[in-house]
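[1] Sequence and predicted structure, then a few things I'm wondering about:
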There are 8 protein chains.
Amino acid sequence: MTLKVYLSGEIHTDWREQITQGATGLDVVFSGPVTDHAASDDCGVAILGAEDNKFWHDRKGAQINAIRTRKGIAEADVVVVRFGEQYKQWNAAFDAGYAAALGKSLIILHGAEHAHALKEVDAAALAVATEPRQVVEILRYVLSGSLPA
Amino acid sequence: MTLKVYLSGEIHTDWREQITQGATGLDVVFSGPVTDHAASDDCGVAILGAEDNKFWHDRKGAQINAIRTRKGIAEADVVVVRFGEQYKQWNAAFDAGYAAALGKSLIILHGAEHAHALKEVDAAALAVATEPRQVVEILRYVLSGSLPA
Amino acid sequence: MTLKVYLSGEIHTDWREQITQGATGLDVVFSGPVTDHAASDDCGVAILGAEDNKFWHDRKGAQINAIRTRKGIAEADVVVVRFGEQYKQWNAAFDAGYAAALGKSLIILHGAEHAHALKEVDAAALAVATEPRQVVEILRYVLSGSLPA
Amino acid sequence: MTLKVYLSGEIHTDWREQITQGATGLDVVFSGPVTDHAASDDCGVAILGAEDNKFWHDRKGAQINAIRTRKGIAEADVVVVRFGEQYKQWNAAFDAGYAAALGKSLIILHGAEHAHALKEVDAAALAVATEPRQVVEILRYVLSGSLPA
Amino acid sequence: MTLKVYLSGEIHTDWREQITQGATGLDVVFSGPVTDHAASDDCGVAILGAEDNKFWHDRKGAQINAIRTRKGIAEADVVVVRFGEQYKQWNAAFDAGYAAALGKSLIILHGAEHAHALKEVDAAALAVATEPRQVVEILRYVLSGSLPA
Amino acid sequence: MTLKVYLSGEIHTDWREQITQGATGLDVVFSGPVTDHAASDDCGVAILGAEDNKFWHDRKGAQINAIRTRKGIAEADVVVVRFGEQYKQWNAAFDAGYAAALGKSLIILHGAEHAHALKEVDAAALAVATEPRQVVEILRYVLSGSLPA
Amino acid sequence: MTLKVYLSGEIHTDWREQITQGATGLDVVFSGPVTDHAASDDCGVAILGAEDNKFWHDRKGAQINAIRTRKGIAEADVVVVRFGEQYKQWNAAFDAGYAAALGKSLIILHGAEHAHALKEVDAAALAVATEPRQVVEILRYVLSGSLPA
Amino acid sequence: MTLKVYLSGEIHTDWREQITQGATGLDVVFSGPVTDHAASDDCGVAILGAEDNKFWHDRKGAQINAIRTRKGIAEADVVVVRFGEQYKQWNAAFDAGYAAALGKSLIILHGAEHAHALKEVDAAALAVATEPRQVVEILRYVLSGSLPA
């Protein structure tokens, strides 16, 4: 059994690396969005031409990013969504809702301080974790039945 | 043609009333979440019994609210999601993602200051408005072909 | 908003009556299986002819009952599944799984003594209640936002 | 043609081994739940933290197990559900209902003493067997057209 | 509960009338194909213009009839397919397969002499009847729980 | 049986009126796009604000029109697509493809001069007509079995 | 591009061999039912135990065969259905209807003498051929764009 | 991550070659229609026999081509639709609509002169490009996050 896992959300800490390195040796294929913030913001105008209006500048980029995001979520077995300490992170919550409607197994990853604000998101999840390590432990258990020592 | 419209998001201003009153006379059926903040937070424990742990207190409530939310979104033709000036509003973004994955026609309603943070959400929408009045005008046009004078 | 509610499971106590009477005045349409035990067991052979082999006697009946059950679950917004104190009640758990796979909002109703044995079923539900009264309170809240006094 | 077969239900006898060994040489990929009873019960709290309340202890575990179960059933061509002699086994019946709603080919495996109690489950199946050997024979026939000598 | 029932198959005996008259007073809405043989054969060329080639004459008619047939089956809860004593009746078997793939509740109606030839069709059905009266009895039982005296 | 019919395509001749008037007395509910060319082109900027760039002017309008178009097609039993003598009419062909993918019954209406250019579109249709009168005759036959005298 | 092709219908002539041999070198994966008539008829009782009643003897076999048939059709890109000169062949027409409802590309293969009786089946097909050789030519063209010399 | 990309539309310039050559080294699998105009027009009669009536000549060909087209679009992650300077190109717009209804990521490729006529098609797309080079840049960015220098 190969688990396909999409890692959505925060792009300013190394949580993705913690998970992918922690999962070394497990039969997991990871995917996720482009995490280069500048490239992600500007891909639309860089490829399709500049816009005077920032709104359309953003639109062009967001829609190109959606090609990758939608495919990643649609093909995933498990969607992990990380909420960090900064920013609005509405795209993370959007991805969580999108994944929930497709019936994906959701794991939400956030600090305790966000628990109340995320209660609707957490309520759609099969697991709510606070540490990337726990996500790795879930993936290992799901694949092998082994629990952390 | 009857339009079924679900009004998601902010519960602390009168935007829902502005839209429903503005749409008087149009063939629209509105639905939305329970907007009594206290009832919405406490419905789970009020009905199913108290919890020591706030996390499960919230879970019980969020899941009961999901009965209403899921039905409302699933049956809607149009889902309007309002982002206000306060709070994290992750449930609003979650609803937007959920509705997008179901192929619903999305209208996002927010002030210009949130445009960049909402670019992924806006990119999934068929209209981005700043005023409740514009939502009414869209509904009227969709139903009757009439534009504002 | 009309809620369509399917009442699955135990047929030897009056829990259905408690719920339907408690919900008087609410905009709910209830459905459920045939609850006449003898008719339910024998409908197949009574209509389509006797069988020497009890296995096929049961098969004929179960398949005719499935016409009603499948339609009831498929059209429901909410599926309530009651586990009583007696019998194997595998058909109740089957209905719960069937409803879960269709994305229905599940409410499971059972005594505390069955909590561990029903943990996988409960985990797929949006509410786990112990009393029919609580189901009525959930329906009332979902429809009106009103909590019990 | 490769058959993907999910083996659901009883975890206290060696029926899974009988089937997987019997199917040696056939083009079948088997999957199933974690069958270590203690790990399965405790995976939630072992990874995500202890709970005072046994109900939430169970919930956390059941939801993590659901990641594996849902993927296994969703990807299977054939779901075999075994009902043994002990316990309520409501999760087995739940899996059967879940698989039936997804249109999977169901094989139910149980002793004759459970036939009446399982009549609704059996009625959704393409085969009802009493011995693991028969499941192997079905898989061999489906793949090769060969019947037992 | 209203049952929507599509009556497919043989058009040369009065079995549809027997069922619709027998079901007088039941909450059933019946639909079915155009049963005027000549009109059904010639509708294509009568409306869209003559064809020299009988193959396209037939094609034009069959496709217009499909507008009605597909809608009838798609909206039905129950599809009854009658196989009579004459003709190839491949359209009846086609309808049965079409309905089965859509997950409709199938009732097959035929004489005992066709049982072996129809075994794959019957195996997809929830009931196999030999008399129109039995179909009425099934509908009555499904709606009311009442068995024939 | 009520037929829901969406009338897509050309907006510069009276073909819609010919069909809706011809169908007087039939159990048909018609829908279609906004056919006021200027309103359809400008609805986006009229409601949501002007754009300097014609491309985004058009985008805003097309997306608001999509709210109506998608609902109309999604709810239709039959989608009639008319290709006239002028313009590119790519939106008509787009609607035909959209409807085909949803499994709608398609009727294509065009003059003989467009037959070769429309062969892929026609090949997805259940009827190809040249006159609005023929569409009415198809609807009457589908509903009543009556052919033109 | 690999084409998955399911070959349904007649089992008494060598049409399957003609197609599979003719398609040597093409990127096609063929599947089909068990074509050993005796094994196909008796598989149910041979594996699951004898039945006194021929109806249930047939049912057991047909349901086991359905495991293979459903998987084959569900995974196919193209379903070829052959109607021969003998027998009722209702299972072939059933498969055609089943495949049509799943949106599969259908090719129907039969002699001219059956054209009128098969008009509804043919009308759901993308090609109607009379010779196995033509099916091979279609597959070659679809894969390579090459037409017969 | 492998991107499956279907290239629909214009067959008289080398835009497909520009894209496939530009994408050398990227993990992309391309597919598309048969681009030999004569073969595409005549495949039906060449394989299945001549027709006197050009309409049916075209129908036979278009339906065989649909076997390839439907599979290509159904399996694609991204559908690129090119509108050139000549012809009606209704099949291109049909493919765009078909792909949109299936939820595919659409990229539309056309010159500025067609922008207004294509506004409904463009509005369903995630990117609108004018040069094949831009399509390559989008694919590279989606796969690797790299933007053009």
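    Structure received.
[2] so where's the longest helix in chain A?
    Of all segments of type helix in chain A, defined using DSSP state H, the longest is helix A:54-75.
[3] Now the element after that one, going C-ward?
    On the C-terminal side of helix A:54-75, the nearest following helix or strand under DSSP states H and E is strand A:78-82.
[4] The longest helix of chain A near chain D anywhere?
    No. No part of helix A:54-75 sits near chain D under the criterion CB under 8 Å from any CB of the partner chain; the closest distance found is 12.6 Å. In short, each C-beta sits where N, CA and C put it, glycine included.
[5] Report the rounded mean pLDDT for that helix.
    For helix A:54-75, mean pLDDT is 98.
[6] Now do that helix against helix F:54-75, angle only.
    In this structure, helix A:54-75 runs at an angle of 40 degrees to helix F:54-75, with axes from the mean of the first three to the mean of the last three CA atoms, to 10 degrees as the basis.
[7] For helix A:54-75, name the packing helices and strands.
    strand A:3-9, helix A:37-48, helix A:90-101, helix B:119-123, strand H:105-109, strand H:127-129, helix H:132-144 (3 or more CB pairs under 8 Å, 6 or more residues apart in numbering or on different chains; DSSP states H and E).
[8] Please determine how far the most far-flung residue of chain A relative to its centre is located from F:Gly49.
    Relative to the average C-alpha location in chain A, and by CA atoms, centre = their mean, no residue lies farther out than A:Asp52, which sits at 30.8 Å. Here A:Asp52 is placed at a distance of 14 Å from F:Gly49 (CB to CB, to the nearest Å).
[9] now A:Val135: how far from chain B?
    Per CB to the nearest CB, to the nearest Å, A:Val135 is found 18 Å from chain B.
[10] For that residue, which residues are in contact?
    Applying CB atoms under 8 Å, 6 or more residues apart in numbering or on different chains to A:Val135 gives the contacts A:19, A:22, A:80, A:107, A:109, A:129.
[11] Relative to H:Thr69, which of those is nearest.
    Of all the contacts of A:Val135, A:Val80 has the smallest distance to H:Thr69: 36.8 Å, by CB to CB.
[12] That closest one contacts A:Ser105, doesn't it?
    No. Between A:Val80 and A:Ser105 there is no contact under CB atoms under 8 Å: 9.6 Å.
[13] tell me which parts of chain A are close to chain H?
    Close to chain H, as judged by CB under 8 Å from any CB, chain A has residues A:31, A:34-36, A:39-40, A:42-44, A:46-48, A:60, A:63-64, A:66-68, A:70-72.
[14] if we go to 10 Å?
    By the criterion of CB under 10 Å from any CB of the partner chain, the positions of chain A lying close to chain H are A:29, A:31, A:33-36, A:38-40, A:42-44, A:46-49, A:60-72, A:74-75.
[15] For chain A, what lies in contact range of chain C?
    When proximity is defined by CB under 10 Å from any CB, chain A lies next to chain C at A:101, A:103, A:123, A:126.
[16] Check these one by one and keep those near chain B.
    A:101, A:103, A:123.
[17] Are any of these buried, and if so which?
    When burial is judged by neighbour count using 16 or more other CB atoms under 10 Å in any protein chain shown, the buried members of these are A:101, A:123.
[18] Poorly predicted segments of chain A, please.
    With pLDDT under 70 as the threshold, chain A has no low-confidence stretch at all.
[19] By proximity to chain C, which residue of it wins?
    With distances taken as CB to the nearest CB, chain A approaches chain C most closely at A:Gly103, which sits 7.2 Å away.
[20] How about that residue, nearest residue that isn't a chain neighbour?
    Beyond its immediate neighbours in the sequence, the residue positioned closest to A:Gly103 (CB to CB, 6 or more residues apart in numbering or on different chains) is C:Gly103, lying 7.2 Å away.
[21] helix/strand/coil for the one you found?
    When states are read from DSSP: H, G, I helix; E, B strand; the rest coil, the local structure at C:Gly103 comes out as coil.
[22] measure the residue in chain A that chain G sits nearest to to chain E for me?
    Shortest chain A-to-chain G distance, computed as CB to the nearest CB: residue-wise this is A:Glu75, at 18.0 Å. A:Glu75 sits 25 Å away from chain E, going by CB to the nearest CB.
[23] next one: A:Ile64
    Relative to chain E, A:Ile64 is positioned 37 Å away (CB to the nearest CB).
[24] quick one: contacts for that residue?
    A:Ile64 makes contact with A:34, A:40, A:43-44, A:46-48, B:123, H:105, H:107, H:126-127, H:137-138, H:141-142, according to CB atoms under 10 Å, 6 or more residues apart in numbering or on different chains.
[25] same thing with A:Leu26?
    Residues counted as contacts of A:Leu26 (CB under 10 Å, 6+ apart) are A:2-3, A:5, A:20, A:136, A:139-140, A:142-144.
[26] Just among the contacts of A:Val135, which is most surrounded?
    When neighbours are taken as other CB atoms under 10 Å in any protein chain shown, the top entry among the contacts of A:Val135 is A:Val80 (29 neighbours).
[27] How about the residue nearest the centre of chain A: what's its closest non-neighbour residue?
    In chain A, the centroid-proximal residue (CA atoms, centre = their mean) is A:Ser8; its distance is 0.9 Å. Sequence neighbours aside, A:Asp95 is the residue nearest to A:Ser8 in space, at 4.2 Å (criterion: CB to CB, 6+ apart).
[28] I am assuming the one you found contacts B:Gly97, so please confirm or correct that.
    Yes. With contacts counted by CB atoms under 10 Å, A:Asp95 reaches B:Gly97, the gap being 6.1 Å.
[29] ok, stretch A:113-122 near chain D or not?
    No. Shown here: stretch A:113-122 not in contact with chain D (CB under 10 Å from any CB), separated by at least 11.2 Å.
[30] Chain A against chain F: which residues are in contact?
    By CB under 10 Å from any CB, the residues of chain A that approach chain F are A:51-53, A:55-56, A:59.
[31] Mind doing that once more with 7 Å?
    Taking CB under 7 Å from any CB of the partner chain as the test, the list of chain A residues beside chain F reads A:52, A:56.
[32] Leaving out the residues flanking it, which one is nearest to the residue of chain A found nearest chain F?
    Per CB to the nearest CB, the residue of chain A with the smallest distance to chain F is A:Trp56, at 5.7 Å. Using CB to CB, 6+ apart and skipping residues adjacent in sequence, the residue nearest A:Trp56 is F:Trp56, 5.7 Å away.
[33] Export stretch A:32-51 to PDB, keeping only CA atoms.
    The C-alpha atoms that make up stretch A:32-51 are tabulated as PDB, following Å, rounded to 0.1, in the frame of the first residue of the first chain:
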ATOM      1  CA  GLY A  32       2.300  20.000  -2.100                       C
ATOM      2  CA  PRO A  33       2.000  23.500  -3.500                       C
ATOM      3  CA  VAL A  34       4.900  25.600  -4.800                       C
ATOM      4  CA  THR A  35       6.400  26.900  -1.600                       C
ATOM      5  CA  ASP A  36       8.600  29.700  -3.100                       C
ATOM      6  CA  HIS A  37       6.500  32.600  -1.900                       C
ATOM      7  CA  ALA A  38       7.600  35.100  -4.600                       C
ATOM      8  CA  ALA A  39       7.300  32.600  -7.500                       C
ATOM      9  CA  SER A  40       3.800  31.600  -6.200                       C
ATOM     10  CA  ASP A  41       2.700  35.200  -6.100                       C
ATOM     11  CA  ASP A  42       4.100  36.200  -9.500                       C
ATOM     12  CA  CYS A  43       3.800  33.200 -11.700                       C
ATOM     13  CA  GLY A  44       0.700  34.500 -13.500                       C
ATOM     14  CA  VAL A  45       2.200  37.700 -14.700                       C
ATOM     15  CA  ALA A  46       5.700  36.300 -15.200                       C
ATOM     16  CA  ILE A  47       4.300  33.800 -17.700                       C
ATOM     17  CA  LEU A  48       1.100  35.500 -19.100                       C
ATOM     18  CA  GLY A  49       2.000  39.100 -19.000                       C
ATOM     19  CA  ALA A  50       1.900  42.000 -16.500                       C
ATOM     20  CA  GLU A  51      -1.300  43.500 -15.000                       C
END
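[34] residues in contact with that stretch?
    The contact list for stretch A:32-51 (CB atoms under 7 Å, 6 or more residues apart in numbering or on different chains) reads A:6-8, A:11, A:16, A:57, A:60-61, A:63-65, A:68-69, A:72, H:127, H:129, H:134, H:137-138, H:141, H:145, H:147-148.
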